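K.L.:
3D model of this:
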Amino acid sequence: MKTFFGALLALSFLIAAPAQARRPPPAVLAQQSEPSEGELQSHKHYTNKAGQAVHSPARSKLGKVPAGASAKCRDASYSFSKNHRGTCSHHGGVERWL
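P.N.:
Numbering: from 1, shown residues only. Presented below is the predicted three-dimensional model:
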């Protein structure tokens, strides 16, 4: 009987684990390819909440999806955000996830 309650307690901790604990480790996120600056019209960066430098949304000079893009914004720029929250927020929102 103790084993059953022990297993039930362990399972409740797994179910209640915060979403943050289930995110990919930073090493996995760092493996995402970076955009080639020559393919983009703008070259600004910002620091996200995790303290990572991320390329700001930019339009492609070549008309194709740049390396490392995570979403296409409604203003035709590409976002390189590593999180969904706030992606394309100043660019009309997300048109589609890549």
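K.L.:
all helices of the protein, in order?
P.N.:
For the chain, the helices defined by DSSP state H occupy 2-15, 26-30.
K.L.:
worst average pLDDT in these?
P.N.:
Across the helices of the chain, helix 26-30 has the smallest mean pLDDT, namely a mean of 42.
K.L.:
can you pull out the strands in the chain?
P.N.:
Remark: strands assigned in the chain by DSSP state E are 45-47, 53-55, 71-73, 78-79, 94-97.
K.L.:
which one of those strands has the most crowded surroundings?
P.N.:
Of all the strands of the chain, strand 78-79 has the most neighbours on average by mean count of other C-beta atoms under 10 Å, namely a mean of 26. Glycine gets a C-beta too; all of them are placed from N, C-alpha and C.
K.L.:
what mean pLDDT does that one get?
P.N.:
Averaging pLDDT along strand 78-79 gives 96.
K.L.:
and what of stretch 36-43?
P.N.:
Rounded mean pLDDT across stretch 36-43 is 90.
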